[in-house]
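# need coordinates for the following:
(one chain, ligands or ions: 1)
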Amino acid sequence: MYQRIVGALQDDIASGRLHQGQSLPTHRALAKALGIDLTTVTRAYAEAQRQGLTEATVGRGTFVKARQQPGPRGPAAPGIDLSMNLPPQPAEADLDGRLAQTLAAVRAESGLAAYLTYQQPGGTAAERQAAAEWMQRLVPGLTPDRLVLAPGTQAALYCILLAHIAPGDTVITERLTYPGFKAAAAAAGVRLIGIDMDEEGIAPAGLDRAARAGAAKAVYLMPTLHNPTTATMSAERRARIAEIISKRGLMLIEDDPYSFLAPGPPPISALVPERAYLAASLSKCLAPGFRTSLVAVPDSAAAVRIASLFRATLQMPAPLMAAVATRWLRDGTANAVVEAVRAEAAARQVLAREVLGRHPYAGHPNGHHIWLPLPASWPAERFAAHLHGKGLAVVTGEAFATDATPPNAIRLALGAARGRAQLSKALEILSDALSVRAPDDNVV
Ligand SMILES: Cc1ncc(COP(=O)(O)O)c(C=O)c1O
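As a prediction, the model looks like this:
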């Protein structure tokens, strides 16, 4: 009998019927509801906890700990999934029409099948030239030998770690960091030390202290529109961080998918180019399906090394997509799409402010997401489970945490809504949830 209860918990987590953070009935309530002995329930709960399905907190009860694993067709999605940080696809961007047009042009020029082959792992010479010209707005004077075209920033981050950081070594990050970097570090066996942040991002004193202690060879940062807090560093802060990086002999891994959308001060990499990688993904300003990121590297030897690690892992960007993307960089299409994406992002931020009113949260006028601290009465996992029950998926602070004390907050990806009407609905669900108290524990 106790095993059947554990089996039922497994099934309900797998099907999405039970969500992470959801409270389970007390032992006594479940025994009564099922008409069984209390000790059987106690045994079932102990086994579920042993298997990592649930966790129990003295005085608060038992909660679902495990998450539903995505199946072959993805998770049983709630109606509105604002968990992935996607750019919107506004009609003005005309992505469909522009893709069709560019494919026709490529076809007329060389035939499409010419791209169904292997290519240089770091991009062709022509692609690197186009990418270097586009990147010069961030790193003036960048030459193609100091740039690789990566199959996404994710692949670049992983290969940069493989190239420079031995398993067991440490990289410094902001205390909250991009989950993709956490995943790459975990896969490469690299440990992370998170440093305290303020409203501009990483605190210089904390960075200097960690670097001085000799704990790490490299630092990974998102100075523009930090994911998830949306913080952007001033030029003064960037100069201070660059100074510390030089003085302490650190390598910089700068992740900047956002500054084409939200131009800010020049990247830190422009101040210390000889010790910096700067990954500028096209995922957030054009579309993630391009799987193309423009990566400035410290020198031409680093370009060769990273490209050879692409060959060892993800090989190369899909040639046809890289060809379309770099053509867009050259012919002005990318600028037009970025402009449309930026306008839509701005409109969505206005909408969020209208619906959420005075509820405090952090956002950037052109950003794709907002970061919303929660009252103590609403622990983030339970709040997310509550939203999930209302048909809305968000991400909690835990996904970004580098230690065991995640902030009680959620990230809402405004760009992921199919349109503004869907976004309004999601924001109404969120606003309603914020206005109610957390339901009592142990509701059967
Ligand atoms: C900071 C940051 N870096 C990189 C990425 C993903 O880049 P790519 O799609 O090129 O792997 C994201 C996407 O959410 C991001 O927020």
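# which residues does the helix ranked longest in the chain contact?
Ranked by residue count and defined by DSSP state H, the top helix of the chain is helix 333-356. For helix 333-356, the external contacting residues (C-beta atoms under 8 Å, 6 or more residues apart in numbering) are 87-88, 90, 92-95, 98, 102, 134, 260-262, 282, 285-286, 325, 327-328, 361, 363-368, 370, 372, 412, 414-415, 417, 420, 423-424, 427-428, 430-431, 434. (Each C-beta comes from the backbone N, C-alpha and C, glycine too.)
# these in helices, which ones?
Short answer: the contacts of helix 333-356 in helices (DSSP H) are 95, 98, 102, 134, 325, 327-328, 420, 423-424, 427-428, 430-431, 434.
# between these, which sits nearest the ligand?
Of all the ones in helices among the contacts of helix 333-356, Ala325 has the smallest distance to the ligand: 11.2 Å, by C-beta to the nearest ligand atom.
# and the closest one, what does it touch?
With contact taken as C-beta under 8 Å, 6+ apart, Ala325 is in contact with 282, 286, 290, 292, 317, 334.
# quick check: pLDDT value at the residue lying closest to the third one once chain neighbours are set aside.
Right, Phe290. Using C-beta to C-beta, 6 or more residues apart in numbering and skipping residues adjacent in sequence, the residue nearest Phe290 is Ala325, 4.7 Å away. What the model reports for Ala325 is a pLDDT of 96.
# ok, the one 4 residues further on next?
At Leu329 the predicted local confidence, pLDDT, stands at 96.
# that one: neighbour count?
20 (other C-beta atoms under 10 Å).
# domain parsing of this protein, as residue ranges.
The chain breaks down into these domains under automatic domain parsing: 2-64, 80-91+335-435, 116-330.
# how close does Pro140 sit to Pro90?
31 Å (C-beta to C-beta, to the nearest Å).
# could you point out the helix or strand that follows the lowest-mean-pLDDT helix or strand in the chain?
Sorting the helices and strands of the chain by mean pLDDT, DSSP states H and E puts helix 2-15 at the bottom, at a mean of 81. Next helix or strand after helix 2-15 toward the C-terminus (DSSP states H and E): helix 27-34.
# helices and strands around that following helix, which ones?
In terms of contacts (3 or more C-beta pairs under 8 Å, 6 or more residues apart in numbering; DSSP states H and E), helix 27-34 is packed against helix 38-50.
# spell out which parts of the stretch 151-300 of the chain neighbour the ligand.
By C-beta under 6 Å from any ligand atom, the part of the stretch 151-300 of the chain that sits against the ligand consists of 152-154, 178, 180, 222, 227, 255, 257, 281, 283, 288, 293.
# which of these sit farthest apart?
Met222 and Pro288 (16.6 Å; C-beta to C-beta).
# who has more neighbours out of those two?
Met222 (26 against 18).
# who's in contact with the more buried one?
Shown in contact with Met222 (C-beta under 8 Å, 6+ apart): 174, 177-178, 201, 254-256.
# local confidence estimate at it?
Value listed for Met222 in the pLDDT field: 98.
# and for Pro72?
Value for Pro72, per-residue pLDDT: 42.
# ok, now Ser234?
The model's pLDDT for Ser234 equals 97.
# so what's it up against?
200, 265.
# okay, the domains of the chain in a markdown table with distance to Ser110 next?
Listed next are those as a markdown table, based on distance: least, C-beta to C-beta, whole Å:
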| stretch | distance to Ser110 |
| --- | --- |
| domain 2-64 | 46 |
| domain 80-91+335-435 | 23 |
| domain 116-330 | 9 |
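# figure out which of the ones you listed is closest to Glu109.
Proximity to Glu109 (C-beta to C-beta) singles out domain 116-330 among those, at 9.5 Å.
# follow-up on the earlier one: okay, who's weakest in the contacts of Ala325 by pLDDT?
Pro317 (92).
# verify the stated contact: that residue with Arg291.
Yes - shown here, Pro317 and Arg291 form a contact pair, counting by C-beta atoms under 8 Å, at 5.6 Å.
# skipping its backbone neighbours, what lies nearest the residue of the stretch 1-150 of the chain found nearest the ligand in space?
Closest to the ligand within the stretch 1-150 of the chain is Asn85: 4.1 Å, counting by C-beta to the nearest ligand atom. Among residues not flanking Asn85 along the chain, Ala413 sits closest, at 4.6 Å (C-beta to C-beta, 6+ apart).
# thank you, goodbye.
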